[in-house]
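A.B. asks: I would like to see how this sequence folds:
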Amino acid sequence: MRSVMATKAALPRRIMTTLSPSRLSFAARRPAWAGFDWLLHTLAAAAGMVAVLMLAALVGVLLVSALPSIRMFGASFLVDSQWRPNEMQVPMHGPNGKVLRDADGEIVTRTIPPTFGALPVIYGTTVSSTFSLLLAVPLSLGAAVFLIRIAPRRLGIPVSFLIEFLAAIPSIAYGIWALFVLVPFLQHHLEPALIGWLGRTSGFGWMFRQTVHIGHRTFVLPVAATGRDMLSGSMVLAIMIIPIITAIARDVLRQVPLSQLEGTVALGATWWQSSREMLYFARGGIFGAVMLGLARAAGETMAITMVIGNNNQIVFSLLAPAQTMSSLLATEFSEASLDIHRAALCEVALVLLAMSLAFNVVARRLVVGKNPIRAGAAF
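C.D. replies: Numbers count the residues shown, from 1 in each chain. Okay, here's the model as predicted:
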């Protein structure tokens, strides 16, 4: 007892005040505050469930709205290339192959109901997103390596800010710029040059021709250089996802241990070889950044709707107009008058949501990994 009293006497007055019973027994003196712990815990748990409930509600609404289309078309919806929202009258033919006529001489017709197939828009989404990655990934990785290994601090900070600012620009602004700057440049300069250089080269002619079916006849026609095509849509998507991939890849490369780079240099590696090893060490996180960029490119709506041409077809040329799932929803949903048309559009939205969700899950798995503690540092 005396030793305890002596120790307390030897402590400074400031520490004695901090360890005083009046401070240590705050919860005991004010038991009413204990109820707020339960309230805060409940509010935090409810806030965490809001996002999950919103996603579940979104999937549920789309699924219920798309049920008529799912029941009518089944799995053929994903592989059929016809998208016809209106009924069509076609003449009937007899056993001899001639057109049938009634007693008054009028042509006998039959009604073909509307049919919907999402293969052209799935193809357009896949090709435009993939080609945008081919353009954006090398530039993004180069910019990330520049910011981490080359740029001085006084230059790296403002450049990083500008890259993050580009990611915050609305998509409609990118679309307007592409419509008035990128499309005329492609139409009058780049695409005619590509047709002139590669159009007559063996092995590249298929890129500038398209097959058109008119009745029972097939025609191979040259692709017109309009500027509003798959190439312009892919380029504007690449410009939009470069800031996202660059910012995430920069943060991932920043987490590479310095000892990893010093070890490669100590073994005689050049600057390029050590940079390559740094990229290899962070390959999982970089691939996650690429997947997030892919998810952004697949779900982009307004910018690509303004420049891709919005032609629901499958043409292997990048200079031909095309359509993505997002652009189809943006152009047709407000004009859909039939229930089956709206159901088909909701099924397209459901497919797009599933693709974006899969991309984000894979990206988070690669960037964050199995350790949930890294989630706050990676995102």
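A.B. asks: show me what whichever helix or strand Asn360 is part of is packed up against.
C.D. replies: Assessed by DSSP states H and E, Asn360 sits inside helix 339-368. Packing partners of helix 339-368 (3 or more CB pairs under 8 Å, 6 or more residues apart in numbering; DSSP states H and E): helix 34-73, strand 115-116, helix 119-145, helix 283-299, helix 325-332, helix 375-378. From N, CA and C alone the C-beta is placed, and that goes for glycine too.
A.B. asks: in its sheet, what does the helix or strand just after the first one sit against?
C.D. replies: Read in the C-terminal direction, the helix or strand following helix 34-73 is strand 83-84, with elements assigned using DSSP H and E. Strand 83-84 has these partner strands in its sheet, going by DSSP bridges: strand 115-116 (antiparallel).
A.B. asks: okay, now the domains of this protein?
C.D. replies: Per the record, the chain has its domains at 87-116, 118-378, by automatic domain parsing.
A.B. asks: so which bits of the helix holding Asn360 are buried?
C.D. replies: In terms of neighbour count (16 or more other CB atoms under 10 Å), helix 339-368 has its buried residues at 340-353, 355, 359-360, 362-364, 366-368.
A.B. asks: quick one: Pro95 and Gly205, what's the gap?
C.D. replies: Separation of Pro95 from Gly205 (CB to CB, to the nearest Å): 43 Å.
A.B. asks: so which of the two has more stuff around it?
C.D. replies: Applying other CB atoms under 10 Å to Pro95 and Gly205 shows that Gly205 carries more neighbours, namely 13 against 6.
A.B. asks: tell me who's in contact with that one.
C.D. replies: Gly205 makes contact with Gly199 under the criterion CB atoms under 8 Å, 6 or more residues apart in numbering.
A.B. asks: with the one 4 residues further on instead?
C.D. replies: Under the criterion of CB under 8 Å, 6+ apart, the neighbours of Arg209 are 220-223, 317.
A.B. asks: tell me the most packed of these, by neighbour count.
C.D. replies: For these, counting by other CB under 10 Å, the largest number of neighbours falls to Val223: 19 neighbours.
A.B. asks: quick one, phi psi at that residue?
C.D. replies: As for Val223, its main-chain torsions (degrees, to the nearest 10) stand at phi -80, psi 130.
A.B. asks: likewise Pro152?
C.D. replies: Per-residue torsions, Pro152: phi -70, psi 160 (degrees, to the nearest 10).
A.B. asks: residues near it, how many?
C.D. replies: Pro152 has 7 neighbours, counted by other CB under 10 Å.
A.B. asks: if we can go back for a sec, which one, of the domains of the chain, ends up nearest to Ala47?
C.D. replies: Of all the domains of the chain, it is domain 118-378 that lies closest to Ala47, at 16.4 Å by CB to CB.
A.B. asks: the closest one: how far from the chain's middle?
C.D. replies: Its chain's average C-alpha position is 8 Å from that of domain 118-378, according to CA atoms, centre = their mean, to the nearest Å.
A.B. asks: same check, this time on stretch 87-97
C.D. replies: 44 Å.
A.B. asks: any idea how far apart the tips of it sit?
C.D. replies: End-to-end distance of stretch 87-97: 23 Å, with CA to CA, to the nearest Å as the criterion.
A.B. asks: below-threshold pLDDT in the stretch 151-300 of the chain: ranges please.
C.D. replies: 213-216 (pLDDT under 70).
A.B. asks: helices of that one, residue ranges please.
C.D. replies: Per DSSP state H, counting those that start in this stretch, the stretch 151-300 of the chain carries helices over the ranges 153-167, 171-177, 183-185, 191-198, 230-254, 258-266, 271-281, 283-299.
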